[in-house]
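A.B. asks: let's see this in three dimensions:
(one chain, ligands or ions: 1)
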Amino acid sequence: MAHDVAIRGAGPVGCALALLLQRQGTSTVLVRPRKETSAAFRPIALSHASRLILERAGAWDALAPTPITSIHVSQQHGFGRTRMSAADAGVPALGYVIDYGALLDALLALVIERSIPVEDAPAEARLAVHAEGTSDETTRKDYGQEAVVARVTTRPGATATAWERFTPDGPLALLPLGGDYGAVWGARPERARELCELPDGAFLAALAQAFGRRAGTFVAAGARSRLPLALRLRPKRIGERSAFIGNAAQTLHPVAGQGLNLGLRDAWDLAQVLHGTEDPGDARMLRRFADLRRFDAAATVRATDFLAGAFLGSDPLSRLTRGVGLTALDICLPARRFFARRMIYGASALP
Ligand SMILES: Cc1cc2nc3c(=O)[nH]c(=O)nc-3n(C[C@H](O)[C@H](O)[C@H](O)COP(=O)(O)OP(=O)(O)OC[C@H]3O[C@@H](n4cnc5c(N)ncnc54)[C@H](O)[C@@H]3O)c2cc1C
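C.D. replies: Take a look at the predicted model:
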């Protein structure tokens, strides 16, 4: 075999695995389509655990993300709010925001700089790692929602606070990114289409109505795009001489910003299991990888699915339950710390 490992898919998870494997001397080839479609704007919040993984891949210094030092969670037309700080969780920042396209460009540049082979056709290897992103071969649970994504500018500009607001349309997140915000707004498909087609001024007014003035005045919006939201799970993450990581294994609702963070933990655990192994496609080794990932993946999927459902209803009882939950979290530091650390590290053994 020409290589130990062929990684199919040069998204952020595939690139991160390639960089981790290259550092530990595992011979790796990355397979990507000859023509990649350029990615629409998508703000990604990387957790502190993802920072540790990207540092160990030697990639962190190539990124210039915006740190999040506090998160404010509230609901429209209802009481209750929770504030979380980096100090609550004992980390320098709760997360780091970067545009998906900028992250990908930086990781791909490192792959090329470190002379990791990149091919556009399936390559022979003892282990095929599937990192091709969401696949039709997965089970699917639709949330009946789409995410509307845009870069928006406020006055005053964004600093280091991320905002999550539960609106009757769906969850609305504003993530600080280079002085602006990356907005991700979940809504029913017809409302999402409407939000995308509104003139800029009317879109900014809709944002202001849903959000109030706590993040400042909305003054400009970039191009809007929308994506369907569904939970997609691959029943088995290993096969004969093959393993599935990142969105190819599980695709989550973006409500808690966990998809890529979980995918990077997949890549980290696979790299650990492959370290120093004689045969990377060995069935026992692959079972060890699957066992290692089971608990973290299941816990993150459950938590994200719960949040995606819990904040959908806009009836008085749902609003009351949410208000009580947000208030309880706000006044209970241990609960806040547990929640923040779960969002940062998942249920993995990192750091
Ligand atoms: C609106 C939105 C906001 C999000 N926000 C966050 C967030 O804040 N934090 C977070 O952690 N996650 C977030 N996510 C999730 C995150 O974007 C994904 O989990 C992440 O992109 C998955 O990375 P990946 O490398 O597994 O897959 P992808 O990013 O989908 O990359 C897969 C790559 O494989 C390539 N490919 C496809 N088919 C083939 C093939 N046959 N051969 C070779 N290559 C192939 C594709 O072209 C692509 O480049 C968000 C998602 C959305 C939709």
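A.B. asks: close to the ligand, is the one helix or strand residue 140 maps to?
C.D. replies: Taking DSSP states H and E as the criterion, the element that holds residue 140 is strand 139-155. Yes: on the criterion C-beta under 6 Å from any ligand atom, strand 139-155 is in touch with the ligand at 147, 149. The way it works is simple: take the backbone N, C-alpha and C, and place the C-beta from them, glycine included.
A.B. asks: what lines up beside that strand in the sheet?
C.D. replies: In the sheet containing strand 139-155, its partner strands are strand 180-187 (antiparallel), strand 217-221 (antiparallel), strand 225-233 (antiparallel), by DSSP bridges.
A.B. asks: can you list the buried residues in the longest one?
C.D. replies: When neighbours are counted by 16 or more other C-beta atoms under 10 Å, the buried residues of strand 225-233 are found to be 226, 229-233.
A.B. asks: repeat that for the shortest one.
C.D. replies: Within strand 217-221, the residues that count as buried by 16+ other C-beta under 10 Å are 218, 221.
A.B. asks: start at 790, not 1
C.D. replies: Done: numbering now begins at 790, and the last item shifts to strand 1006-1010.
A.B. asks: and it, how far out from the chain's middle?
C.D. replies: Here strand 1006-1010 shows a centroid-to-chain-centroid distance of 25 Å under the convention C-alpha atoms, centre = their mean, to the nearest Å.
A.B. asks: again, but for stretch 970-986
C.D. replies: 18 Å.
A.B. asks: and what of stretch 868-885?
C.D. replies: In this view, stretch 868-885 has its centroid 17 Å away from the chain centroid, taken as C-alpha atoms, centre = their mean.
A.B. asks: quote the end-to-end distance of that stretch.
C.D. replies: This stretch, stretch 868-885, spans 28 Å end to end (C-alpha to C-alpha, to the nearest Å).
A.B. asks: that stretch - what's its average pLDDT?
C.D. replies: Across stretch 868-885, the average pLDDT comes to 85.
A.B. asks: what does stretch 850-859 give?
C.D. replies: If you average the pLDDT over stretch 850-859, you get 95.
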